[in-house]
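**Q** quick one, what's the 3D model for this:
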Amino acid sequence: PTIDPKKEAGLYDYANKYANYVLSNDAEAVKFREFMFYYYLGFNAKSALVNLSQTLTTTIPVLSKYFAVPEAHVPGYIKNASEFLLNPKRLAKRNPELHDALFQGLRRGAIAEKMARFLRGEEQGTSETITNFKELASWMFDKAEVFNRTVAFTAGFDVAKRKGMNFKDSVDFATNFVTETQFDYSKVNRPEIARSWRAPLFTFRMFLGNYLSLLKKSLQEKEWEVLARMLGYMTALGGLFAIPGIKELDKILTTLGIDTKVMLREKFGKFSDTVMHGIPTLFGANISGTIGVGELVPDIEEGLAASIGKLAGGVALDLPMRVGRSLWLYKDKDSVYRATEALMPEAIRNPMVAARWASEGVRSPSLENVIPKEDITGSDIALKSLGLSPSRVTKAYELENTEKFMVDKIRKRNAKANWSVAKALFEDMSSNGNSVQDVLDQIDQHNSNVEKMEDFIRLDPTAIKDYVRLMIDPKSVEIKKVPKIGREGYLERQELYQ
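**A** You can find the predicted model right below:
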């Protein structure tokens, strides 16, 4: 239908912009996106392995619209897809119709590394020499995506034939099935917010948007079997923390003073790692952070400015953060190796981290030792070299975080109690018959009866005295914090700015 520019001016204007965008040769920061792809995904085995999971997380769930138990059909689809990719002549003899359909899919571009090309920003041609290097760097990621799409096309074609469609309609159905399950990353399907100069800001975010859209669609259309399998397979691979929104809920509960990970470990015991981070933890690996759709909103605890920047800039903000950390490691921690490591592309950085673990053990981002080198295993080194997180290392980080959470919670609670006592003392000093020292003596007696620091409030007489001094004379506490050699200068400046 034709859009009337007078009656539907808004729609006409949007359609005009969309057509101009699709037909344009806008580079959309191709070089930057290209750099980001090779920096994070080039030669990266982990990215290819995780990419292969899309058959589980999207293809099988959508197949459940057509089969009661789609899992029973998937091994056959994988076999046919593998045969087409590795030995197409054999498939042509065994199943010529499927072979011809898959070749139609190739010609249409349905079976192609669309996600990889979008991430690399490949809208323009490049020189032959660079292209060879690119193909080598992205070979694993490309092959994983082509395999996913071939399996999806094979599945879609089978569904269509079972519905009684002719060859052409079956190919059309299979092509649409690939788009539905593997998504379309071309300019035609890109949302307006991710177009033109904004495209780099959505590097590595398109899968998140498409996955959430598929979830929303299955919810709106009440396709409960699709929704259940999408969330079920995501949970199986990455645990509860791979499900959209769970990380945000965890942050909210943590802000309210609830340690969710401790609660889950108390509830599920030896199965807690699997519940939180998925079945791969049974084999020593944690892919929860990689397999999941990521955080829907940034961590506000990092600071408001950093959070807003992360929300707007996405992974692009990671680069200046890495540079900042590298400078900190070099200047403040005198660690040339770790400073260099922080700047390396992922395919180089991961083996460097693994080598460091072997020589000095695992350290937290704050450089605290969480696993001594004597306890590092060959499995830990191998997994980290591939970019995968060993589950025992994740557990060690989690233990350090929960210990800090407990200590901070106790400190905040005790500080509040100390302030309340100091405030009461300050208000009642003139009318109360007891002296301040009498009250402090009673506090000492209270503390001597406290057995468990995490269960009881321990009042701090020194802190209470400082709070009382602060209420009487704010400067008396501030000057106490200044080194003795600088107190005279501190008083001079206070007098100068009166």
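**Q** first to last residue in stretch 31-48, what's the distance?
**A** 22 Å (C-alpha to C-alpha, to the nearest Å).
**Q** centre of the chain versus it, how much separation?
**A** Relative to the centre of its chain, stretch 31-48 is centred 16 Å away, using C-alpha atoms, centre = their mean, to the nearest Å.
**Q** which of the residues in it are buried?
**A** 32-48 (16 or more other C-beta atoms under 10 Å). Using the backbone N, CA and C atoms, a C-beta is placed for each residue, glycine as well.
**Q** so how far is the longest helix seen in the chain off the chain centroid?
**A** Assignment by DSSP state H gives helix 391-428 as the longest helix of the chain. Its chain's average C-alpha position is 28 Å from that of helix 391-428, according to C-alpha atoms, centre = their mean.
**Q** residues in contact with stretch 278-289: which ones?
**A** 46, 50, 235-239, 241-242, 273-274, 276-277, 291, 379-380, 383, 388-394 (C-beta atoms under 8 Å, 6 or more residues apart in numbering).
**Q** A354: how many residues sit nearby?
**A** Residues within reach of A354, counting by other C-beta atoms under 10 Å, total 19.
**Q** report the contact partners of it.
**A** 380-382, 384-385.
**Q** inside helices: which ones of those residues?
**A** Per DSSP H, those map to helices at 380-382, 384-385.
**Q** got those as TSV, with distance to P461 and pLDDT columns?
**A** Listed next are these as TSV, based on distance: C-beta to C-beta, whole Å; pLDDT from 0 to 100:
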residue	distance to P461	pLDDT
D380	46	95
I381	50	96
A382	54	95
K384	48	94
S385	53	94
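**Q** so which of the residues you listed wins on neighbours?
**A** K384 leads the ones in helices among the contacts of A354 on contacts (other C-beta under 10 Å) with 24 neighbours.
**Q** is it true that it touches R356?
**A** No. With contacts counted by C-beta atoms under 8 Å, K384 stays clear of R356, the gap being 9.5 Å.
**Q** so, low pLDDT: which residues of the stretch 251-400 of the chain?
**A** 292-314 (pLDDT under 70).
**Q** quick one: the helices in it?
**A** 260-268, 272-277, 288-291, 304-313, 318-331, 336-343, 346-360, 378-385, 391-428 (DSSP state H, counting those that start in this stretch).
**Q** next one: the stretch 1-150 of the chain
**A** Using DSSP H, counting those that start in this stretch, helices in the stretch 1-150 of the chain cover 9-23, 30-40, 45-51, 54, 60-63, 74-86, 88-94, 96-108, 114-120, 128-137, 139-162.
**Q** check contacts around E180.
**A** E180 makes contact with 62, 214, according to C-beta under 8 Å, 6+ apart.
**Q** against F43, how distant is L388?
**A** According to C-beta to C-beta, to the nearest Å, L388 and F43 sit 15 Å apart.
**Q** ok, back up a step: okay if I get the helices of the stretch 251-400 of the chain as JSON lines plus distance to G10?
**A** Formatted as JSON lines, those follow (distance: least, C-beta to C-beta, whole Å):
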{"stretch": "helix 260-268", "distance to G10": "45"}
{"stretch": "helix 272-277", "distance to G10": "47"}
{"stretch": "helix 288-291", "distance to G10": "40"}
{"stretch": "helix 304-313", "distance to G10": "26"}
{"stretch": "helix 318-331", "distance to G10": "37"}
{"stretch": "helix 336-343", "distance to G10": "47"}
{"stretch": "helix 346-360", "distance to G10": "44"}
{"stretch": "helix 378-385", "distance to G10": "53"}
{"stretch": "helix 391-428", "distance to G10": "49"}
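**Q** closest to T150 out of the ones you listed?
**A** Taking C-beta to C-beta, helix 288-291 is the member of those nearest to T150, at 21.2 Å.
**Q** now the closest one - C-alpha only, PDB.
**A** Extracted in PDB, the C-alpha atoms of helix 288-291 (Å, rounded to 0.1, in the frame of the first residue of the first chain):
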ATOM      1  CA  SER A 288      27.100 -18.100  33.200                       C
ATOM      2  CA  GLY A 289      28.400 -14.600  32.400                       C
ATOM      3  CA  THR A 290      29.100 -15.400  28.800                       C
ATOM      4  CA  ILE A 291      26.100 -17.500  27.900                       C
END
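**Q** could you give me the buried positions within that helix?
**A** So, applying 16+ other C-beta under 10 Å, buried residues of helix 288-291: 288, 290-291.
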